[in-house]
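Participant: Have a look; sequence and predicted model below, questions after that.
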Amino acid sequence: MRSIWAIRPTPPDPTQIHPVLNSFADECRGMLVHLAAYVGVLALFVIIGAHLWGELPESAGLEPAAKPGWSLATRSYPAFAVSQFDLHGKTETYEIFRHPEGGRKDVLRWAAQGEKPVAELEIYRPCGESSGSGPAIAEIAARMNSEGSHELEAAGVIESKFGPVTLLRLAVDANDAASCLGFIKHLDEPNVRISGWSCQGDDMPARRAAVGCI
């Protein structure tokens, strides 16, 4: 009869792996496979995005360009005519300017051949751009004297069939009895601004009369 001390348990085989460890290893391998697939798809999207970005035009993604300002409308028809305005030897020119917001300016000028204009009349019908337009008096000053002072001062008022018209003159010509005269008149109905200037006449009364004729 064998002694109880002779029965010993068989030691585990070191070459065998516990089933739990096998399951964990399988899960790790599956996770790595999924992670590799995810990274591959992400890299593919990055490559496609970079290619599409390179195909975009240079202007894409930029802010829209500002709308242009006034431009000469060569296909528009004259809407006004000035009669009984006698300027001997002077030629009348008629230009029409339009704004993208809907405004229109009809500009008439009188000048001898090859010389600077001696008179100008502008009929301005504002629209959406009127809120962003510059001061009317500053515009008239620049048109009267594009190379010098743009400071105007009041030069009286004349009556016209449109009502009282404000006269202006350059401050540098304040002591000149024959200085050029600017004028401006706002009408509410229709919404129109009439402005311009004249250098016709040898003295102030003659120039006031010339503006009245315009």
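Facilitator: Done, it's in. Just so it is clear, the model here is predicted, and its values are computed rather than measured.
Participant: all strands for this protein, in order.
Facilitator: All strands of the chain, identified by DSSP state E, fall at 71-72, 91-98, 104-111, 119-125, 152-160, 163-170, 181-187, 192-198.
Participant: want to try CSV for these, with mean neighbour count and distance to residue 37 as columns?
Facilitator: The C-beta positions use only the backbone N, C-alpha and C, and glycine is treated the same way. Formatted as CSV, those follow (neighbours: other CB atoms under 10 Å; distance: least, CB to CB, whole Å):
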stretch, mean neighbour count, distance to residue 37
strand 71-72, 10, 59
strand 91-98, 15, 61
strand 104-111, 18, 65
strand 119-125, 20, 68
strand 152-160, 14, 78
strand 163-170, 18, 80
strand 181-187, 19, 74
strand 192-198, 21, 71
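Participant: So which of these is nearest residue 208?
Facilitator: Nearest to residue 208 among the strands of the chain is strand 152-160 (5.6 Å), distances taken as CB to CB.
Participant: tell me what the closest one is packed against?
Facilitator: helix 136-144, strand 163-170, strand 181-187, helix 204-213 (3 or more CB pairs under 8 Å, 6 or more residues apart in numbering; DSSP states H and E).
Participant: hang on, the earlier thing: now render the strands of the chain as TSV, adding mean pLDDT.
Facilitator: Output for the strands of the chain, formatted as TSV (pLDDT from 0 to 100):
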stretch	mean pLDDT
strand 71-72	90
strand 91-98	91
strand 104-111	92
strand 119-125	92
strand 152-160	89
strand 163-170	89
strand 181-187	91
strand 192-198	92
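Participant: out of those, which comes closest to residue 139?
Facilitator: Nearest of the strands of the chain (CB to CB): strand 192-198, 7.6 Å.
Participant: okay, and the helix or strand of this protein with the least pLDDT?
Facilitator: Least confident helix or strand of the chain, by mean pLDDT, DSSP states H and E, is helix 19-55 with a mean of 73.
Participant: Now do the buried residues in that helix.
Facilitator: Neighbour counts over helix 19-55 (16 or more other CB atoms under 10 Å) mark no residue as buried.
Participant: what sits against residue 170?
Facilitator: 141, 144-145, 148-149, 151-153, 179-180 (CB atoms under 8 Å, 6 or more residues apart in numbering).
Participant: now swap in residue 154 and tell me
Facilitator: The contact partners of residue 154, by CB under 8 Å, 6+ apart, come to 166-168.
Participant: what pairs with it across the strands?
Facilitator: residue 168 (DSSP bridges).
Participant: What separation is there between it and residue 110?
Facilitator: Distance, residue 154 to residue 110, by CB to CB, to the nearest Å: 25 Å.
Participant: about what we covered before: with distance to residue 30 added, can I get the strands of the chain in JSON lines?
Facilitator: Output for those, formatted as JSON lines (distance: least, CB to CB, whole Å):
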{"stretch": "strand 71-72", "distance to residue 30": "69"}
{"stretch": "strand 91-98", "distance to residue 30": "71"}
{"stretch": "strand 104-111", "distance to residue 30": "75"}
{"stretch": "strand 119-125", "distance to residue 30": "77"}
{"stretch": "strand 152-160", "distance to residue 30": "86"}
{"stretch": "strand 163-170", "distance to residue 30": "88"}
{"stretch": "strand 181-187", "distance to residue 30": "82"}
{"stretch": "strand 192-198", "distance to residue 30": "80"}
